[in-house]
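Student: got a sequence here, can you model it:
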Amino acid sequence: MDSRKPLSDALQAAPQAGRAAPLPRPVWILSFVSFFADVSSEMVYPLLPLFMISVLGSSKTQLGAMEGSAVLIVAFMSAVAGIRSDSNRGKGGRVKWIRWGYGLPVIGKAIIALATTWPLVLGGRLLDRFGKGLRGAPRDALIADAVSSEQRGRAFGLHRAFDTAGAIVGVLLSAFLLWWLTGTPRTTDSREVLSAATETPAWIYRAIFGIGAVLGLASLILSFLVRDAKPTADAPLSLAPDLDSHTTKTIALTQSLSEKGSDPLKGQTPFRTDSKISWLNL
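Tutor: Numbering: from 1, shown residues only. Just a heads-up that it's a prediction; the model follows:
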């Protein structure tokens, strides 16, 4: 028998064993969903202060109140959506929150594009942020459910890369459209440049906001390709500390005695282990 054969087989199997498994389809779909959603958002919100102040005549206080309310509603709805999607996980609980979370911002951006008064912009902005709060936690939980423990880092890294790329593309596309529709200022004086920005026609802002809403619609359509995923069996989430074999055997013996419920000295008094033993086995 050739003793070199097992070694050669092991060397051939090593690259295959070290090759990372491909990420599941839901991770890729959610990454593209986030890409288009961020392109849509970053096309609108860098220009929103100029639109509100120069076109609608809003005050700085109104602008600050709107943004503060938007941050508050995202924080509140993120907690609510995360808890509710966990409680209804087996009944399409995550996907429906994700779809609403990407659908409402499309309506919100359309309202902003058509707004003629400050309260309408406020309503559209809050509706958009309401949707962002709905989708964030369920989307991240769905990604975690769809992958194994070895894939979590790559899955969330891919999603974050698409998310960031969408934000960059959105800002660049918005800047290009603004330049293409208005032209480059002929002066370098900052005051004259600001004056030219405030004189930008309202239809230019509305056109860019409308294009952003359409791109947001792409993320909503893609979200209908996503299905709820059951958590992988090899990826349990545990807060318990890692236990060595000796500690594990000790706990197993204690539990065994507890289940028998017998006292070797008295032979009649059942007993239970302390609740801390159960916590160690979470």
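Student: only C-alpha atoms for contact and neighbour calcs from this point on.
Tutor: Noted.
Student: which stretches of the stretch 51-200 of the chain form helices?
Tutor: Using DSSP state H, counting those that start in this stretch, the helices of the stretch 51-200 of the chain run over residues 60-87, 93-114, 118-146, 152-182, 190-198.
Student: between those helices, which one is nearest to G216?
Tutor: Taking C-alpha to C-alpha, helix 93-114 is the member of the helices of the stretch 51-200 of the chain nearest to G216, at 5.6 Å.
Student: and the closest one, what does it pack against?
Tutor: Packed against helix 93-114 by the contact rule (3 or more C-alpha pairs under 8 Å, 6 or more residues apart in numbering; DSSP states H and E) you find helix 60-87, helix 118-146, helix 202-223.
Student: okay, now the nearest residue to K109 once chain neighbours are set aside: neighbour count?
Tutor: Distance criterion C-alpha to C-alpha, 6 or more residues apart in numbering; nearest residue to K109, sequence neighbours excluded, is A213 at 5.4 Å. For A213, the count of nearby residues is 26 (other C-alpha atoms under 10 Å).
Student: so how far is P138 from A213?
Tutor: As judged by C-alpha to C-alpha, to the nearest Å, A213 and P138 stand 23 Å apart.
Student: please apply the same query to V80.
Tutor: 10 Å.
Student: between the two, who's got more neighbours?
Tutor: Taking neighbours as other C-alpha under 10 Å, V80 and P138 compare with P138 leading, 26 against 13.
Student: ok, the more buried one - contacts?
Tutor: A81, G82, S85, D86, R94, V95, W97, I98 (C-alpha atoms under 8 Å, 6 or more residues apart in numbering).
Student: count the neighbours of S59 for me.
Tutor: For S59, the count of nearby residues is 14 (other C-alpha under 10 Å).
Student: show the pLDDT at it.
Tutor: Looking at S59, its pLDDT stands at 90.
Student: same thing with the one 4 residues further on?
Tutor: We have a pLDDT of 91 for L63.
Student: that one touches L50, doesn't it?
Tutor: No. Counting by C-alpha atoms under 8 Å, L63 stays clear of L50, with 10.2 Å between them.
Student: sorry, back to before: kindly reformat the helices of the stretch 51-200 of the chain as JSON lines containing distance to P26.
Tutor: Converted to JSON lines, the helices of the stretch 51-200 of the chain look like this (distance: least, C-alpha to C-alpha, whole Å):
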{"stretch": "helix 60-87", "distance to P26": "17"}
{"stretch": "helix 93-114", "distance to P26": "11"}
{"stretch": "helix 118-146", "distance to P26": "7"}
{"stretch": "helix 152-182", "distance to P26": "10"}
{"stretch": "helix 190-198", "distance to P26": "42"}
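Student: between those helices, which one is closest to S31.
Tutor: Among the helices of the stretch 51-200 of the chain, helix 152-182 sits nearest to S31 (C-alpha to C-alpha), with 4.6 Å.
Student: can you name every helix or strand that that closest one contacts?
Tutor: Counting contacts by 3+ C-alpha pairs under 8 Å, 6+ apart, helix 152-182 packs against helix 25-44, helix 118-146, helix 202-223.
Student: nearest to L172, out of these?
Tutor: Checked against C-alpha to C-alpha, the stretch from the helices and strands packed on helix 152-182 lying closest is helix 25-44, at 8.2 Å.
Student: report the angle between the closest one and helix 152-182.
Tutor: Relative orientation of helix 25-44 versus helix 152-182 (axes from the mean of the first three to the mean of the last three C-alpha atoms, to 10 degrees): 30 degrees.
Student: flag every buried residue along helix 25-44.
Tutor: By neighbour count on 16 or more other C-alpha atoms under 10 Å, the buried set for helix 25-44 is 26-44.
Student: contacts for that helix, please.
Tutor: Contacts of helix 25-44 (C-alpha under 8 Å, 6+ apart): 102, 109, 139, 143, 146, 155, 158-160, 162-171, 173-174, 208-209, 211-216, 218-220, 222-223, 225-227.
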